[in-house]
Each structure stands twice: as C-alpha cells, then as structure tokens.
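Engineer: The following block contains a protein sequence and its predicted model.
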Amino acid sequence: MIYSFHGILTEKEPNLAVIECGGVGYACRTTNTTLSALGEIGNDVRVYTHMNVREDAVELFGFADKNELKCFQMLLTVSGIGGKAALAILSDLTPNKFALLVASGDSTALTKVKGIGKKSAERIILDLKDKLLKSNPILQDAP
C-alpha cells in the first residue's frame, strides 16, 4: 500500500495530477481542491494516497491533506459510492463542509454535486452521520 509520496508535479488535468517520484510518474485521480493546493507544474509536492485495486484496474487517488483522504475513504464505505462519485463530492465540498452537511442531514445540498442523486445523498447521510458525529467532536452539537 502506498501511503504517500513526494516528488515533482509534471502534469495537471481535470481530476488528474502526475507526480514524478524516483523517475516514475504516478498518475493520481484527485479533487479540484488538491489540484489547486499542488500549484504549478514543476512544484515539489507531497500527496497522501489511496490505492484502489479492482479486477480490471488499479487506480491511485491522491490528496493534498490527510483530512481529505480520510473523508474520501469514508465515502467509499457507502454502498454505491465509488471513487468517481467521492472525488466529485470532494471537488465541490471541502471535508468540513461535507461533514456539516451530513451532520445536519442536508441531502438537498449533496444532490447539487454532479452524479449524486436523491437516493445516493440520503444513503450517504444515513451511513455516515453517526460515524462523523463520533469522530468529530465539533459536530456533536449539530442538529
């Protein structure tokens, strides 16, 4: 498992960053937030990663901070939410804003994310509300 790596940002595309580390360019699927945080091509960067190994593909997801990585991994535990949907959510919402929406049960705001419908938004809230409230003491006073 690759936890993180440090290298030079060599390419940026929507939802993709390529980081060269030890002569190897690692393509990381990522969020708009992380792309902004990485800055310009040629920058020295560090990303925290999640590797998804499936029967037909191996994907590497990269994040500028651990909080975004943890939120991404939590989203993957929800039935029907894969890497693409989790990236879409975290591209539109910061981890803190996402946590507040889930804690308050605001499924309508989640449906504004491209690819997230009413049922998916409700499932995310149902599956993650208790986990988020337990793991984040700031949210324990949320409605």
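Structural biologist: Yes, it's here.
Engineer: now the strands: where do they sit in this protein?
Structural biologist: Counting by DSSP state E, the chain has strands at residues 4-13, 16-21, 24-29, 44-53, 58-63.
Engineer: Would you mind checking the average pLDDT for the first one?
Structural biologist: Same thing as strand 4-13. In this model, strand 4-13 has a mean pLDDT of 96.
Engineer: contacts for that strand?
Structural biologist: Applying C-beta atoms under 8 Å, 6 or more residues apart in numbering, the external contacts of strand 4-13 come out as 17-22, 25-26, 35, 38-49. All C-beta atoms are positioned from the backbone trio N, CA, C, and that covers glycine.
Engineer: do the same with the second one
Structural biologist: For strand 16-21, the surrounding residues in contact (C-beta under 8 Å, 6+ apart) are 5-12, 25-30, 34-35, 38, 45, 47, 62.
Engineer: Only the buried residues of it, if you could.
Structural biologist: If you call a residue buried by 16 or more other C-beta atoms under 10 Å, then strand 16-21 has these buried ones: 17-19.
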